[in-house]
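Trainee: can you look at this prediction? I've put the sequence above it.
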Amino acid sequence: MRYGFVIDLKRCYGCYSCQVSCKAENLTPPGVFLARCLKGETGKYPTVVRQSLPVLCMQCKDPECKKVCPTKATTVREDGIVTIDKNLCIGCKYCIVACPYGARYFVPKWKSYFPDKELPNPLKREENPFEAYSRKRWIEEHGEGTVAKCDFCIERVEKGLNPACVDACPAKARYFGNLEDPETEVSILIKTERGFQLNPEFGTDPAVYYLPPR
Ligand code: SF4
Ligand code: SF4
């Protein structure tokens, strides 16, 4: 079993639903995006094409982030998902430098989305219940002064659900499944629609595949 993604670049129209649903699912602090949708342009006027490129942690089979970690906080599970143990991570950021896909974030301290919280009394606002829940959950799952990244929504996957971004994509551009079973939708799409990995020359063997744009 090896979990993986297929992202169809023909279908993606760059709506950012994956990025937003990831923030809602994982309650990430400001500036932290475990799933992102990048935008670029190819060609020359008047035949310019605008292209979206959704990215996330590639759950590499041979990840650079794991090799450089001095405390062995990063591991690759049997199902291929790459995890970070918050109790072992010392926030040295070696993995952030080593990851060729820019998939990791350092979170020194959980931060409010509402800067007025930082104002002096009497303008200081009380933390609302949702914010308090978000902070508590983030610290429980990731700690503070540690590194975070996408883990394919591991808690959802263990309940038999898709990662949140797969279900949120209105274009049905994202597929999730077992790459090692030739009968799964992901395996069939990779085989029949010229699926490719992003920058295979990095040599990490990503579990995220893309189908070519038009
Ligand atoms: S939700 Fe789907 S269509 Fe929207 S940006 Fe993400 S992959 Fe593209
Ligand atoms: S994309 Fe980066 S963080 Fe994710 S497994 Fe690969 S090397 Fe590690």
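Mentor: Yes, it's here. Residues are numbered from 1 along each chain as shown. Ligands and ions are numbered 1, 2, ... in the order given.
Trainee: what's around residue 96, how many residues?
Mentor: Applying other CB atoms under 10 Å, we find 17 residues neighbouring residue 96. C-betas here are computed from N, CA, C, even on glycine.
Trainee: now do residue 82 against residue 42, distance only.
Mentor: Between residue 82 and residue 42 the computed distance is 31 Å (CB to CB, to the nearest Å).
Trainee: the two: which is more packed in?
Mentor: In terms of neighbours (other CB under 10 Å), residue 82 is the more surrounded of residue 82 and residue 42; the figures are 22 against 10.
Trainee: so what's that one up against?
Mentor: Residues counted as contacts of residue 82 (CB atoms under 8 Å, 6 or more residues apart in numbering) are 57, 59-60, 63, 65-66, 74-76, 149, 151.
Trainee: generate a PyMOL selection restricted to the buried entries among these.
Mentor: The following PyMOL line selects those of the contacts of residue 82 that are buried, judged by 16 or more other CB atoms under 10 Å:
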select buried, resi 57+59+60+63+65+66+74+76+149+151
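Trainee: the contacts of residue 82 in helices, which ones?
Mentor: Under the assignment DSSP state H, the contacts of residue 82 contribute 65-66 to helices.
Trainee: just the contacts of residue 82 now: which is nearest ligand 1?
Mentor: The closest of the contacts of residue 82 to ligand 1 turns out to be residue 57 (CB to the nearest ligand atom; 15.5 Å).
Trainee: that closest one contacts residue 153, doesn't it?
Mentor: No: contact criterion CB atoms under 8 Å: residue 57 and residue 153 do not qualify, at 11.3 Å.
Trainee: quickly list what's touching both of the two.
Mentor: With contacts defined as CB under 8 Å, 6+ apart, no residue is adjacent to both residue 57 and residue 153.
Trainee: one step back: restricted to strands, list the contacts of residue 82.
Mentor: Secondary structure from DSSP state E places 74-76 of these in strands.
Trainee: so which of the contacts of residue 82 reach ligand 2?
Mentor: Contacts with ligand 2 within those, as defined by CB under 6 Å from any ligand atom: 57, 59-60, 63, 65, 149.
Trainee: turn the ones in strands among the contacts of residue 82 into TSV, columns for pLDDT and distance to ligand 1.
Mentor: As requested, the ones in strands among the contacts of residue 82 are exported to TSV (pLDDT from 0 to 100; distance: CB to the nearest ligand atom, whole Å):
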residue	pLDDT	distance to ligand 1
74	98	26
75	98	28
76	98	25
